[in-house]
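K.L.:
Pasting the sequence and the predicted coordinates here, then a few questions.
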Amino acid sequence: MKQLLWIGALFLALFCSHQTEAATAQAFMTGGRLAAYCADDSPVCTAYVIGVADVLALGGNDPSIGICLPASLTRFDVVRSFQRYIRQKPGFRSSSAAELVLEALRSSYPCAADQANLSSRTNAGGG
């Protein structure tokens with residue numbers, strides 16, 4: 001798992017290092033900057049979102065992360081799910097872009113166990 005995190009960190013550092021935006025203490029790219037790229041269907045949006053998804057795919061579908069990417073998933077699906085997510089979440093602008101992509105993927109592609117737990121909690125609370 002540590003190796004996966006190092007690979008992910010390396011990818012994000014290399015990808016973001018060419019950005020003209022100054023790096024903050026929290027992230028190289030903010031959610032607001034990534035959202036701007038994604039609003040224009042920029043290749044930067046696609047590369048960033050797919051890069052995060054690729055790093056996740058290296059580790060397999062690890063339920064501890066809460067994201068299970070289907071084998072039939074396409075680049076188009078991943079980017080569109082991210083774009084839908086940011087349209088629904090207005091308060092993301094200052095958050096880390098990588099965290100935002102993870103949240104979007106977790107929302108769109110939860111693991112079956114997570115879906116079952118959510119469903120059982122909803123049913124138990126609904127009386």
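P.N.:
Looks like it arrived, so ask away.
K.L.:
what bits of the protein have low per-residue confidence?
P.N.:
Applying pLDDT under 70 to the chain flags residues 1-27, 113-127.
K.L.:
And the helices in it, which stretches?
P.N.:
For the chain, the helices identified by DSSP state H occupy 2-16, 31-39, 43-58, 75-88, 97-108, 112-125, in order along the chain.
K.L.:
Flag every buried residue along the fifth one.
P.N.:
Using 16 or more other C-beta atoms under 10 Å as the burial criterion, the residues of helix 97-108 that qualify are Ala97, Ala98, Leu100, Val101, Leu102, Glu103, Ala104, Leu105, Arg106, Ser107, Ser108. (Glycine included, C-beta is placed from N, CA and C.)
K.L.:
Columns distance to Arg84 on top of those residues, output as TSV?
P.N.:
Below are those laid out as TSV (distance: C-beta to C-beta, whole Å):
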residue	distance to Arg84
Ala97	16
Ala98	18
Leu100	13
Val101	13
Leu102	15
Glu103	12
Ala104	8
Leu105	12
Arg106	14
Ser107	9
Ser108	8
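K.L.:
which one of the residues you listed is nearest Gly91?
P.N.:
Nearest to Gly91 out of the buried residues of helix 97-108 is Leu100 (C-beta to C-beta; 10.6 Å).
K.L.:
what about the closest residue to that closest one other than its chain neighbours, neighbour count?
P.N.:
Closest residue to Leu100 apart from its sequence neighbours, by C-beta to C-beta, 6 or more residues apart in numbering: Gly31 at 4.2 Å. Neighbour count of Gly31, defined by other C-beta atoms under 10 Å: 23.
K.L.:
and if you look at the one 10 residues further on?
P.N.:
Residues lying near Asp41 (other C-beta under 10 Å) number 11.
K.L.:
How about the one 3 residues further on?
P.N.:
Burial of Val44, expressed as a neighbour count using other C-beta under 10 Å, amounts to 19.
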